[in-house]
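Chemist: give me the fold of what follows.
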Amino acid sequence: MQSSEMASVDQVLVDIVKYVYHYDIQAEAAFRRARELLLDALGCAIESLDDAGVVGFIGMPVPGTVVPGGFRLPGTALVLDPVKGAFDLGSMIRYLDHNDALPGAEWGHPSDNLGAIIATMDWLARSPKEARGQAMTIRTLLAAMIKAYEIEGCFQIANSFNAVGIDHTILIKVACTPVLSWLMGFSEDQALAALSQAFMDGHPLRTYRAFPNTISRKGWAAGDACMRAVQLTLLTRAGQQGAPHPLTAPRWGFYEALFQKKQFLFPKPYREEIVHRAVVKLIPCEGHGLTSVEAALKLSKELRSRELDPATSIDRIDIRTHKPAMTIIDKPGELTSAADRDHCMQYVVAVSLLKGRVIEAADYHDSSPWASDPRVADLRSRMAMREDAEFTKAYYITESPSAATGITVHLKDGTQLDEAVVYVPIGHPRSTNDLEGISIQTKFVSNLRSRYTDKEISALQATLENDDLPIDAYFDMWHRPETPNLLKELRPHRL
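Modeler: As a prediction, the model looks like this:
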């Protein structure tokens, strides 16, 4: 794409590149929040290393491959090229469905972008001959992160990709290609070219997230998009051309070919707001089910206060929630895998009622006693889910959305418990909810303790406050002397 063509490029692309290259993030509050979200995402990545499914695909595909100046994958001894590194880290962050989330017309996970950003920055920092446009420091990482969150989030607010069957991971490519271009020192024209490639790229169907095809690909789809974003940016660096009208071209453009001839809507400009909207997932379940877990725990506590057993005292359970939850996690019938279970509101409610404690990642495994417990199946059969129009309306409010769920338990003696309603989940910036022993800090420490000492964990948190620290020096602290499968026995396959 020549510089003379920039004025005729699709305006959506121009606006994104101008934001990445010219918007100056001023608010220190945004950087503080970004640090918190970064640590949470890295904690989720380390947590995933206890899963055999993850350990089975990380690392270079050809054993023994040496990558001079490569990216050091956190929690491992692996040194990778930036393309495979982006896949591995992006997949690790996302695999257990425990990283942050953002509601909107499209539900997504902004920290997915960190797989591409961190792998690229660490590689650039370790490769002095590689061109770069910014200092490879903590401050630059946080700025890149804030901008990637903002791009993905502004798309999510009012544009539903799932409505046309496309997975939300398209937005990782859209957010990362201009940010990576900025990091690599591209001109704005080159950044436009890379971004055009992201829109023209093949986009995955979201069928692997829904019945009857819910499979483990939903765990590594974000890594796949991170990898592709890095690859497309490197292809642009190598001189491959971009296209001026990937969205608006007649017949073959994105709008006409894939988006039902609709154009993207942007209710707000790109600034630094999305980092403040992201929900830290303190409960490991599909995001639309978070409030249902909290509501179920309230009811479980009430049942026990009456000395009633949830397994034998409940006649039926009525659940009202919003439309996205009905679309994504209303799942009656047989559940055949962990991927099925963590995308089933009825399952998380049943286990939460019976367990009386927050559901854990291990509770979805095929080997978990809950997976085959007949009491879980019985309670699921007693549940009726329905959409509540007001909850759906509140879900789509641009400035202060909620993801409400209300649960009413009817007892076999003819009485019923007061409905438990939770509007926003714990971990949401507006939440005042409290679950004993659960916080962002306790989640992070718990996720790291399998591989780091308390002293190391404290150092990882404290060192992130040093804005001027080179990024490679920080990620040296995350490196381990051995790969995960040599450190401990792995849990069964997660998804």
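Chemist: the stretch 151-300 of the chain: helices as residue ranges?
Modeler: Taking DSSP state H, counting those that start in this stretch to define them, one finds helices in the stretch 151-300 of the chain at 170-183, 188-200, 217-237, 254-258, 274-277, 290-305.
Chemist: quick one: the strands in the stretch 51-200 of the chain?
Modeler: In the stretch 51-200 of the chain, the strands defined using DSSP state E, counting those that start in this stretch lie at 71-72, 79-80.
Chemist: looking at those strands, which is closest to R316?
Modeler: Closest of these to R316 is strand 79-80, at 51.8 Å (criterion: C-beta to C-beta). No exception for glycine: its C-beta is placed from N, CA and C like everyone else's.
Chemist: partners of that closest one, with directions?
Modeler: strand 71-72 (antiparallel) (DSSP bridges).
Chemist: touching the strand it pairs with from outside, list them.
Modeler: By C-beta atoms under 8 Å, 6 or more residues apart in numbering, the residues outside strand 71-72 that reach it are 78-82, 85, 89, 118-120, 122-123, 126, 472, 475-476, 478-479.
Chemist: how about a cut-off of 6 Å?
Modeler: With contacts defined as C-beta atoms under 6 Å, 6 or more residues apart in numbering, strand 71-72 is touched by V79, L80, P82, G85, A119, D122, W123, F475, H479.
Chemist: got a markdown table for those residues, with distance to D467 too?
Modeler: Shown next, in a markdown table, are these (distance: C-beta to C-beta, whole Å):
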| residue | distance to D467 |
| --- | --- |
| V79 | 26 |
| L80 | 26 |
| P82 | 23 |
| G85 | 24 |
| A119 | 21 |
| D122 | 17 |
| W123 | 21 |
| F475 | 16 |
| H479 | 22 |
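Chemist: follow-up on the earlier one: so which of the helices of the stretch 151-300 of the chain is the most packed in?
Modeler: When the helices of the stretch 151-300 of the chain are scored by mean count of other C-beta atoms under 10 Å, the highest mean neighbour count falls to helix 170-183 (a mean of 28).
Chemist: could you say what helices and strands that one packs with?
Modeler: Judged by 3 or more C-beta pairs under 6 Å, 6 or more residues apart in numbering; DSSP states H and E, helix 170-183 is in contact with helix 11-22, helix 138-158, helix 188-200, helix 217-237.
Chemist: how about JSON lines for those, with mean pLDDT and distance to A278 added?
Modeler: Listed next are these as JSON lines, based on pLDDT from 0 to 100; distance: least, C-beta to C-beta, whole Å:
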{"stretch": "helix 11-22", "mean pLDDT": "98", "distance to A278": "18"}
{"stretch": "helix 138-158", "mean pLDDT": "97", "distance to A278": "7"}
{"stretch": "helix 188-200", "mean pLDDT": "98", "distance to A278": "21"}
{"stretch": "helix 217-237", "mean pLDDT": "97", "distance to A278": "15"}
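Chemist: out of the ones you listed, nearest to P61?
Modeler: helix 217-237 (12.0 Å).
Chemist: now that closest one, how far from the chain's geometric center?
Modeler: 15 Å (C-alpha atoms, centre = their mean, to the nearest Å).
Chemist: one more: stretch 169-179?
Modeler: 13 Å.
Chemist: next: stretch 256-274.
Modeler: That offset, for stretch 256-274, works out to 19 Å (C-alpha atoms, centre = their mean).
Chemist: quick one: terminal-to-terminal distance for that stretch?
Modeler: 29 Å (C-alpha to C-alpha, to the nearest Å).
Chemist: rounded mean pLDDT for it, please.
Modeler: Across stretch 256-274, pLDDT averages out at 97.
Chemist: pull out the buried residues from that stretch.
Modeler: Residues L258, F259, Y270, R271, E272, E273, I274 are the ones in stretch 256-274 that count as buried (16 or more other C-beta atoms under 10 Å).
Chemist: need those in a markdown table with distance to F199, can you?
Modeler: Listed next are the buried residues of stretch 256-274 as a markdown table, based on distance: C-beta to C-beta, whole Å:
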| residue | distance to F199 |
| --- | --- |
| L258 | 10 |
| F259 | 10 |
| Y270 | 17 |
| R271 | 23 |
| E272 | 24 |
| E273 | 23 |
| I274 | 20 |
